[in-house]
Structure formats: C-alpha cells, structure tokens
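> what's the 3D shape of this:
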Amino acid sequence: MEDGATIRLRQHGNPAGPRLALSHGNGLAIDGYFSFWNLLRARYELILFDFRNHGQNPTHRFDHHNWSQFINDLERIFNAIQDRLGAKRTAGVFHSLSAVASTMHTQRMGKRWDPLVLFDPPFYPRDGHPLRELQTFNEDDIAARAERRTPSYADPSDLARQFRKYLPGWKPEAYELMARATLRRDDGAGKWVLACPREYEAHIFRTNREAAAWNGVAHIPVPVKLICGDPTGDDKPPPALIGKALAEEAHVDYDFIPGTTHFLQIEQPAECVRLMEAFLARHGFFG
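Predicted structure coming up:
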C-alpha cells in the first residue's frame, strides 16, 4: 500500500473462468472461509485477500487502521489485480467488514467491482432509522468483547475449541481453518498470537458509524446483491435486520438463508453459492 503496509493477493481456481475477488469480516481472514470458496474453485478464477492487519498480512500501524484507509487499500488492490493478472471484469464477493468497505469504495471511486455480492453487511443505518440505536449498541458490545479476546494461544486448536463452543452452526472443518487463518506463529514467544490485534478489531467495530454506505446503496453504479442471515428467528442479529430493512428501502436484490447467523457462508456454504451464482448468471457471469 502507499503507506508501506503489505497486502498479499492469492490466485486460486480456474484462471480461464470468470473472476471473483473475495474477502472477509472484521477480525477474521479469508482462508477461514474455505468451506465456501472451495465450492467455486473449479468454475471461477478466485482472487483472495485479507484486509490490512488481518490474516496473512503483517501488522502495520494502528493509526492507519481505519475505514478511510480501507477504501484507499481497495483501490490499490483492484488496480493491482488488473495490472498483474490481466484486465478482466471482476465481481466482488465480500462479507461484513469487506462488504461495507467495498460499498464505500464503489460509492467514492465509481465502477470497479462489478457486480457486488454482499454477505450480511452491517451498514450503519441512516439518521432517524429505528435500527440505528440497536446497531450502535451491537457494535459497541462486540467491540468490548473484542477487547477482551485472548491475545495468544499455545496452539490454534485452543482457539478452534472456543469457536466450536460459541459458534455451533459452522461446518466441522471451519473451526480449525479459521483458527489457523486468524492466528500467527510468534516463534520468539513460542506461541500463536492474533493476526489482527484485539485493539485493532475493536476500533473498527466502534468506528462503524458512517451512514453514507446505507444512503448510497440505491445509487451504486453496479448491480448489488444482499445475502443475509435469518431476520425471522428468536435471535435476530442486527446485520440480518439491517439487510432486510435496507433491501426494502433501497429496492436492492436480497435473499436471506433460514437458520443462519452473521457467519452464513461458513454455516450454509452451498446455499450461499447457489444464491450468489443465480445472481451472477443474471449479470453475465457463467462459471
């Protein structure tokens, strides 16, 4: 990046197929979504990347870890993909943090990712919307929990056990995959540390307060699809409610997957792929 941070791009799948760029949610890493993107490898060229200070990327400056910098990073990433791998129409397939950032990037820079598939984006509701207070409380609560995360582990299997305890709906293989994707070996200390430091993760939750993404979704110059968690169950997570409300207000293409949470790509990957591919096919992507 222009400030010296490093972001690694990885190419998987079929280079002759339609190109999809994929990234992840806050505090996570795209390698941990293997249960989802593995289903796409035979038909698509996949470009995977983690946001700065996540996953395979080295830790950089805390004062550059912010939404504005994420937008700048996405512009540089998009241009690097086109320059190094060949100019090609590239669909964006993004979850949570990356879904919000890619929306802001498109609103600011214009048509880049085309189309956009956004999984459960936690947009900050517009002024006066009844969900704004709920989302503010939710982000502050998650930020406080992020600040209390265990910063290091003797082995990734220890974190995998935590994921398994608190996130019972994931595919069985995903717990170890996500643990290894979100930890980094510190040989000097003889332990595994969070790839995204907990204060970095908490900061992004606390500063997700920009309603411009919500307000501009209806006017994005590329087709947009929202695929969200279940807004109908007893436990209604705010991002699922936000997706439904925004789709109704902005008249955006929308589906939800019954029984899923914010981690729907890891809970129901085949159904996520089915809904995504139906949308992509309508917009000229035939994998």
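> Report how many residues lie close to H251.
10 (other Cβ atoms under 10 Å). Bear in mind the C-beta positions are built from the backbone N, C-alpha and C, glycine included.
> Quick check: chain neighbours aside, which residue is closest to it?
A218 (6.6 Å; Cβ to Cβ, 6 or more residues apart in numbering).
> repeat for D140
According to Cβ to Cβ, 6+ apart, the nearest residue to D140 is R206 (6.6 Å).
> secondary structure element for H12?
strand 9-13 (DSSP states H and E).
> Contacts for that strand, please.
With contact meaning Cβ atoms under 8 Å, 6 or more residues apart in numbering, strand 9-13 is reached by 37, 40-49, 56, 77, 80-81, 84-85.
> Next: stretch 161-172.
35, 150, 174-175, 178-179, 259-261, 263, 266-267, 269.
> mind redoing it with 7 Å?
S35, Y175, M178, A179, T261, F263, I266, E267, P269 (Cβ atoms under 7 Å, 6 or more residues apart in numbering).
> isn't the residue nearest to D140 right up against D141?
No - between R206 and D141 there is no contact under Cβ atoms under 7 Å: 10.5 Å.
> More neighbours: which of the two?
R206 (16 against 12).
> Need phi/psi at the more buried one.
phi -70, psi -30 (degrees, to the nearest 10).
> L264 now?
The phi/psi pair for L264 (degrees, to the nearest 10) is phi -60, psi -30.
> Does it touch P231 like I think?
No - the pair L264 / P231 is not scored as a contact, 11.8 Å apart, by Cβ under 7 Å.
> So those two - more neighbours on which side?
L264 (26 against 17).
> what sits against the more buried one?
F119, D120, G229, I257, C272.
> The residues you listed in strands, which ones?
Among the contacts of L264, the members falling in strands (DSSP state E) are F119.
> pLDDT added to the contacts of L264, as JSON lines?
Output for these, formatted as JSON lines (pLDDT from 0 to 100):
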{"residue": "F119", "pLDDT": "98"}
{"residue": "D120", "pLDDT": "98"}
{"residue": "G229", "pLDDT": "97"}
{"residue": "I257", "pLDDT": "97"}
{"residue": "C272", "pLDDT": "98"}
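> Identify, from the contacts of L264, the entry nearest to P18.
Of all the contacts of L264, P18 sits closest to C272, with 17.0 Å by Cβ to Cβ.
> Pretty sure that closest one sits against F263.
No - taking contacts as Cβ under 7 Å, C272 lies outside contact range of F263: 10.5 Å.
> Could you tell me how many residues sit around D235?
8.
> which ones are touching the residue lying closest to it once chain neighbours are set aside?
Leaving aside its sequence neighbours, D235 sits nearest to T261 (Cβ to Cβ, 6+ apart; 7.9 Å). If you count contacts by Cβ under 7 Å, 6+ apart, T261 has them with G169, G229, P237, E267.
> where does the residue lying farthest from the centre of the chain land in three-state SS?
For the chain, the largest distance from the centre (Cα atoms, centre = their mean) belongs to G188, which lies 30.9 Å off. The three-state label given to G188 by DSSP: H, G, I helix; E, B strand; the rest coil is coil.
> what pLDDT does it get?
pLDDT, G188: 93.
> quick one: it from A16, how far?
Distance, G188 to A16, by Cβ to Cβ, to the nearest Å: 44 Å.
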